[in-house]
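Trainee: Fold the following and give me the result.
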Amino acid sequence: MNKKKALFLGVLCIVLIIVACFFALNRKDKINETSAEKVEQEKSATEEAKKEVKKETKRTEVKKKKNKAKKEEKTDTEDASQQSSDDTDEIYVGPLVDKDSGAQETGPKESQAEPVEFPYDVPGTGITVQNISSYSGIYVEDGSDQEFSNVSAMQMYNSGSNAVEYVSVSVKCNGEQLEFEASDIPAGASVMVQEKNKKAYQSGTYTECVGTAAKVDGFGMSEDKVQVTPNDDNTFTVTNLTEETIPCVRIFYKLYMEDKGIYVGGITYNVKVTELEAGTSQTVSPSHYAQGYSRLMMVRTYDTTE
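Mentor: Next up, the predicted model:
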């Protein structure tokens, strides 16, 4: 009995040992297999990583080449643009089109003159243009005294401290040139001047008002040489106050409206007395002179009769 039991235990031990060895070997094989698989996987991952690195390196090189090409192209464009700028100060190619709106641009436009609003101070003249209006009646500027209607008329005001011996003012109305000339305007006086070429009045926009003027300190009446006396019959009596013959005396006068306080017409009339002997008087009948509607402007003496 003891022998059988000992034999059974011996066989059981051998079986256990064999089983243990089997599991040990199997585990080793599995470990080895796992290690091999792991190594293979790591190897595969390394290869994949190397491939990705190569791809990324290639992409980077391609990108660098593209960037380099763009930079070279931009540099060439800038050089060309700079060269064009150096060769030409200004280039206009038109018409231009706005890509977003499709609106067409016409390029540079001529600057438009600013509208003139009255009253307007004409630069460099001392004259203020108070207004431009329509005039109907006798045209006085050329001495013809013809009847006209709707002639452009400018009201000038001498806003300076000097008398204006002569002034010319031009202005455009709706693009048409108007010209006005006047003489002998005292400081602080107003005068209504008819358009030089009898151009008709029209409402519209006035632009480009410019002028030139000759100024003097005053007109003078030559009181130390002659005495001029207006008479009720629209004549002048001129008396020589000196002890010598005066070859020529000219008396200047303008039409004047007392109730309006304004001179009428840019024109200044004059009448001449010649060879006025010392201490003597002469009476003359001036044209375009009417007592109460005219004013003496100045009196001048000359060394010749011309």
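Trainee: As a check, name the ranges of all strands in the stretch 51-200 of the chain.
Mentor: Applying DSSP state E, counting those that start in this stretch to the stretch 51-200 of the chain gives strands spanning 96-97, 104-105, 120-122, 127-139, 146-158, 163-173, 176-185, 190-194.
Trainee: Ignore what I typed, I meant the stretch 201-306 of the chain.
Mentor: Under DSSP E, counting those that start in this stretch, the stretch 201-306 of the chain gives strands at 206-216, 226-230, 236-240, 246-257, 262-276, 281-284, 294-302.
Trainee: quick one: the closest residue to C248 other than its chain neighbours and K272, what's the gap?
Mentor: Excluding the flanking residues, the one nearest C248 by C-beta to C-beta, 6 or more residues apart in numbering is Y302, at 4.1 Å. For glycine as for every other residue, the C-beta is placed from the backbone atoms N, C-alpha and C. Plainly put, Y302 is 9 Å away from K272 if you go by C-beta to C-beta, to the nearest Å.
Trainee: joint contacts of the two?
Mentor: Common neighbours of Y302 and K272 are listed as C248, V249, R250 (criterion: C-beta atoms under 8 Å, 6 or more residues apart in numbering).
Trainee: So which of these is the closest to M156?
Mentor: Closest to M156 out of the shared contacts of Y302 and K272 is R250 (23.7 Å), distances taken as C-beta to C-beta.
Trainee: The residue nearest to C248 contacts P247, doesn't it?
Mentor: Yes - using C-beta atoms under 8 Å, Y302 is in contact with P247, at 6.1 Å.
Trainee: remind me which residues of the protein are low pLDDT?
Mentor: Where the chain drops to pLDDT under 70, the residues are 1-111.
Trainee: contacting residues around the nearest residue to T207 once chain neighbours are set aside?
Mentor: Distances taken as C-beta to C-beta, 6+ apart place A113 nearest to T207, at 4.0 Å, with adjacent residues excluded. Taking C-beta under 8 Å, 6+ apart, we find A113 in contact with K172, T207, E208.
Trainee: Let's have the residues you listed in CSV, adding neighbour count and distance to I185.
Mentor: Listed next are the contacts of A113 as CSV, based on neighbours: other C-beta atoms under 10 Å; distance: C-beta to C-beta, whole Å:
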residue, neighbour count, distance to I185
K172, 17, 23
T207, 15, 24
E208, 13, 22
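Trainee: Using a markdown table, please lay out these together with distance to V238.
Mentor: Below are the contacts of A113 laid out as a markdown table (distance: C-beta to C-beta, whole Å):
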| residue | distance to V238 |
| --- | --- |
| K172 | 44 |
| T207 | 47 |
| E208 | 45 |
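Trainee: okay but I138 is in contact with Q146, surely?
Mentor: Yes - in this structure, I138 is within contact of Q146 by C-beta under 8 Å, at 7.2 Å.
Trainee: the more surrounded of those two?
Mentor: I138 (14 against 10; other C-beta atoms under 10 Å).
Trainee: and the more buried one, how far is that from V238?
Mentor: Using C-beta to C-beta, we find I138 at a distance of 28 Å from V238.
Trainee: Right, I'll leave it there.
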